[in-house]
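*Asks:* would you be able to build a 3D model of this:
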Amino acid sequence: MRVDRPNMPPSYGVVADAPDFVPLEWSWVTDQLAESRNYWIATVDQNGKPHVSPVWGVWLEEAMCFGTDAVSAKGRNIARDAEIAVHLESGDDVVIMYGIAEEIIDQATLAKFVSAYDEKYDIKLAPSDKGTALLAFRPSKVLGWRESDFPNTATRWRT
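*Replies:* Predicted coordinates:
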């Protein structure tokens with residue numbers, strides 16, 4: 001991923017060519033993603049209205065993997081438009097991602113996801129349940145910053 005400064009209003013203090021800018025490491029993002037318990041999924045409904053919902057998931061092979069019932073609001077929204085946003089819960093250590101969610105169909109990836117999910121949440125995910133969509137979200141753009149040093153750490157990664 002290419003790394004640079006996010007485009008923000010001047011009043012935010014995020015200056016593209018700031019001499020003291022040191023981008024956050026990608027490993028900082030992946031650590032946040034791996035450790036997070038809840039991920040907020042933002043989709044758009046058929047009328048163009050936003051829908052936001054928390055899910056459990058795992059960071060696996062550069063994708064945030066999660067499941068949802070195919071007939072849930074987010075399931076229907078993703079089936080119609082797979083472009084979504086994902087945000088972690090913290091407003092202090094911020095990670096916001098944009099990209100496409102795709103159904104996991106590769107059996108090896110599915111097995112890794114189920115195993116990682118079961119270990120993380122100490123429950124048994126039942127991928128054979130009819131109507132459950134298991135998805136891999138691969139971000140194409142990621143924003144991250146530490147609120148304690150926001151103007152100096154605001155970083156953007158893009159594919």
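*Asks:* now the helix or strand harbouring residue 99: how far from the chain's centre is it?
*Replies:* Using DSSP states H and E, residue 99 sits within strand 93-103. Computed by C-alpha atoms, centre = their mean, to the nearest Å, the chain-centroid distance of strand 93-103 equals 3 Å.
*Asks:* now do stretch 110-125
*Replies:* 18 Å.
*Asks:* can you list contacts of it?
*Replies:* Applying C-beta atoms under 8 Å, 6 or more residues apart in numbering, the contact partners of stretch 110-125 are 56, 57, 58, 60, 61, 65, 67, 104, 127, 134, 136. Bear in mind the C-beta positions are built from the backbone N, C-alpha and C, glycine included.
*Asks:* how about that stretch, which residues are buried there?
*Replies:* 110, 112, 113, 114, 116, 117, 120, 125 (16 or more other C-beta atoms under 10 Å).
*Asks:* element containing the first one, please.
*Replies:* Secondary structure here is read from DSSP H and E; on that basis residue 110 sits in helix 107-121.
*Asks:* partners of the helix or strand following that helix, with directions?
*Replies:* The helix or strand immediately downstream of helix 107-121 is strand 132-146, counting by DSSP H and E. Using DSSP bridges, the strands paired with strand 132-146 in its sheet are strand 63-69 (antiparallel), strand 93-103 (antiparallel), strand 155-158 (antiparallel).
*Asks:* right, so those strands: which one is the most enclosed?
*Replies:* Using mean count of other C-beta atoms under 10 Å, the stretch among those with the greatest mean number of neighbours is strand 63-69 (a mean of 21).
*Asks:* and the contacts of it?
*Replies:* 33, 39, 41, 55-59, 74-75, 78, 86, 97, 104, 113, 116-117, 125, 127, 131-139.
*Asks:* picking up where we left off before, then the helix holding residue 110 to PDB, C-alphas only?
*Replies:* Included here for helix 107-121 are C-alpha records, laid out as PDB according to Å, rounded to 0.1, in the frame of the first residue of the first chain:
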ATOM      1  CA  GLN A 107     -12.300 -23.800   1.500                       C
ATOM      2  CA  ALA A 108      -8.800 -23.300   2.900                       C
ATOM      3  CA  THR A 109      -9.500 -19.700   3.700                       C
ATOM      4  CA  LEU A 110     -12.800 -20.600   5.200                       C
ATOM      5  CA  ALA A 111     -11.200 -23.200   7.500                       C
ATOM      6  CA  LYS A 112      -8.600 -20.600   8.700                       C
ATOM      7  CA  PHE A 113     -11.300 -18.100   9.300                       C
ATOM      8  CA  VAL A 114     -13.500 -20.500  11.300                       C
ATOM      9  CA  SER A 115     -10.500 -21.600  13.400                       C
ATOM     10  CA  ALA A 116      -9.300 -18.100  14.100                       C
ATOM     11  CA  TYR A 117     -12.900 -16.900  14.900                       C
ATOM     12  CA  ASP A 118     -13.500 -19.800  17.300                       C
ATOM     13  CA  GLU A 119     -10.200 -19.200  19.100                       C
ATOM     14  CA  LYS A 120     -10.800 -15.400  19.400                       C
ATOM     15  CA  TYR A 121     -14.400 -15.500  20.600                       C
END
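*Asks:* fine by me, we can end here.
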